[in-house]
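1. Structure for the following, please:
(one chain, ligands or ions: 1)
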Amino acid sequence: MANIFASSIGKKLVMSLSGLFLMVFLVVHAGVNALLLVGREAYNEACHFMDTNPLIRVMVPVLALGFLIHIMYAVYLTWGNMKARGAERYAVSNKGQASSWAARNMFILGIIVLGVLALHLSHFWAKMQLPSFMGEHGHEDPYGLVAGLFRQTIYSVLYIVWIGALWFHLTHGFWSAFQTIGMNNNKWMIRLRWAGFIYATAVALTFIAVPVYFLLGMGE
Ligand code: HEM
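-> Residues are numbered from 1 along each chain as shown. Presented below is the predicted three-dimensional model:
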């Protein structure tokens, strides 16, 4: 039993469950971001709720754990795959057949997501939610903080590239996660590929709408 998480299917299961959890988080995050397009008051109120609600306070460490598990197992699984393939690594190429470009580059895509995630946490989370968790006042005007950063072209472009990497990660990740938990017959595969495409595109477009909005000089 203890070994289940070290077996090949166990590792995939951990990736799948942590990935599904992170995908739910992304929907909540995108929903809050969309309020930036509504206005300063709506967004600042939502941030105040996210800073003070007891359930959110419990969920933030759970989310951090979810990320940690997903990343640790990503390294564990990718390392294991590389070792197993050894010198044969490049001998077989299944380009464009069984696996998509995204499927073959999940680790690199994940690393890009992780890199900009660290920057994003230091620019936003550390100034917005963290102070209130430490018993201090949250940011006075989260809307102003976000608008100020996204009005800088370099920051917005980097953010859009980041979301692009996340989009690729999710187009493969979505259906792969459901496949891992057993929805793997032919009928489901086609439906899941479509659902994954729609999910990833809707999430990515909602995230990208914010920098585009501020870059175009809109907003308060
Ligand atoms: C919000 C962020 C993220 C979400 C929503 C997410 C979601 C997912 C999902 C749903 C899967 C499919 C799991 C399966 O095949 O059963 C997956 C796979 C994967 N993720 Fe992520 N992920 C995120 C961030 C990351 C990060 C930061 C890394 C860091 C390296 C990463 C590395 C991987 C790798 C390597 C796989 C493929 C595992 C395999 O070979 O099956 N992901 N991800």
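
2. Return the residues of this structure in contact with the ligand.
-> Counting by CB under 6 Å from any ligand atom, the chain comes close to the ligand at 12, 15-16, 19-20, 22-23, 26, 70-71, 74, 77-78, 106-107, 110-111, 113-114, 169, 173-174, 176-177, 180. For every residue, glycine as well, the C-beta is placed using N, CA and C.

3. please redo it, this time with the cut-off set to 8 Å
-> 12-13, 15-16, 18-20, 22-23, 25-26, 67, 70-71, 73-75, 77-78, 81, 106-107, 109-111, 113-114, 117, 166, 169-170, 172-174, 176-177, 179-181 (CB under 8 Å from any ligand atom).

4. Now that we have these, which of them are buried?
-> Listed as buried from the residues of the chain next to the ligand are 12-13, 15-16, 18-20, 22-23, 26, 67, 70-71, 73-74, 77, 106-107, 109-110, 113, 117, 166, 169-170, 172-174, 176-177, 179-180; burial here means 16 or more other CB atoms under 10 Å.

5. Distance-wise, check residue 168 relative to residue 61.
-> 28 Å (CB to CB, to the nearest Å).

6. quick one: which of these two has more around it?
-> residue 168 (21 against 10; other CB atoms under 10 Å).

7. Quick one: residues contacting the more buried one.
-> Residue 168 is in contact with 101-102, 105, 109, counting by CB atoms under 8 Å, 6 or more residues apart in numbering.

8. Which member of the residues you listed is positioned nearest the ligand?
-> residue 109 (7.2 Å; CB to the nearest ligand atom).

9. contacting residues for the closest one?
-> Here residue 109 is in contact with 102, 165-166, 168-169 (CB under 8 Å, 6+ apart).

10. Restrict the host helix or strand of it to CA atoms and write it as PDB.
-> When elements are assigned from DSSP states H and E, residue 109 belongs to helix 106-120. Output of helix 106-120 as PDB, limited to C-alpha atoms (Å, rounded to 0.1, in the frame of the first residue of the first chain):
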ATOM      1  CA  MET A 106       4.700  19.100 -20.000                       C
ATOM      2  CA  PHE A 107       7.700  19.500 -17.800                       C
ATOM      3  CA  ILE A 108       9.200  22.400 -19.700                       C
ATOM      4  CA  LEU A 109       5.700  24.100 -19.800                       C
ATOM      5  CA  GLY A 110       5.400  23.400 -16.100                       C
ATOM      6  CA  ILE A 111       8.800  25.000 -15.500                       C
ATOM      7  CA  ILE A 112       7.800  28.200 -17.400                       C
ATOM      8  CA  VAL A 113       4.600  28.300 -15.400                       C
ATOM      9  CA  LEU A 114       6.500  27.900 -12.200                       C
ATOM     10  CA  GLY A 115       9.100  30.500 -13.100                       C
ATOM     11  CA  VAL A 116       6.600  33.300 -13.700                       C
ATOM     12  CA  LEU A 117       4.400  32.100 -10.900                       C
ATOM     13  CA  ALA A 118       7.300  33.000  -8.500                       C
ATOM     14  CA  LEU A 119       7.400  36.500 -10.000                       C
ATOM     15  CA  HIS A 120       3.700  36.800  -9.900                       C
END
